[in-house]
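Colleague: Let's see this in three dimensions:
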Amino acid sequence: MGPKRPELQGVSPAPGGGHTVGFAFKAEVQMGVWYFYCCLDGRAIKERDFGDVCVWSEDGRFFAVQEWLSTNRSQGPDTQVLVVDACLGRAYEVGRTVGGFATPLSVSAKRLSYRAHVRNHDPEQYVAELPVADKWSDIIFED
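Modeller: Numbers count the residues shown, from 1 in each chain. Next up is the predicted model:
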């Protein structure tokens, strides 16, 4: 028997339908913050931890989520934004934020807008141009 499938909560449908992103509770960090599994169309992305924020592109092809790179209280949080092409099952990592939170604000096929908030500093907003598809990596899903 395989691992228990996470129970989805906070499902976010893509504009126009076609895809959904959902989050399932994974664990709580000592500082009281929760992190989650992120599921595309009901399939959990393997071996990655996420916040529960999701933004979709207007065409419903791309979404962006906050990925936790460290859940160690003494080291983190370290986060980045993961941009996903829901049609191709490929992802691109943007905006690594050490000691703080990178939160997606908007996404399109060509760019991502996100906010980085590092401890003891004012939040800053950034815009990142997204590269061509060959710079993206395949998403690995749980079995």
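Colleague: For the helix or strand bottoming out on mean pLDDT in the chain, give me every contacting residue.
Modeller: The weakest-scoring helix or strand in the chain, judged by mean pLDDT, DSSP states H and E, is strand 9-13 (a mean of 81). Residues outside strand 9-13 that contact it (C-beta atoms under 8 Å, 6 or more residues apart in numbering) are 19-25, 52, 54, 56, 63. (Each C-beta comes from the backbone N, C-alpha and C, glycine too.)
Colleague: buried subset of those residues?
Modeller: 19-24, 52, 54, 56, 63 (16 or more other C-beta atoms under 10 Å).
Colleague: Turn these into a markdown table, including distance to Val118.
Modeller: Below are the buried ones among the contacts of strand 9-13 laid out as a markdown table (distance: C-beta to C-beta, whole Å):
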| residue | distance to Val118 |
| --- | --- |
| His19 | 32 |
| Thr20 | 32 |
| Val21 | 26 |
| Gly22 | 29 |
| Phe23 | 24 |
| Ala24 | 28 |
| Asp52 | 20 |
| Cys54 | 22 |
| Trp56 | 26 |
| Phe63 | 24 |
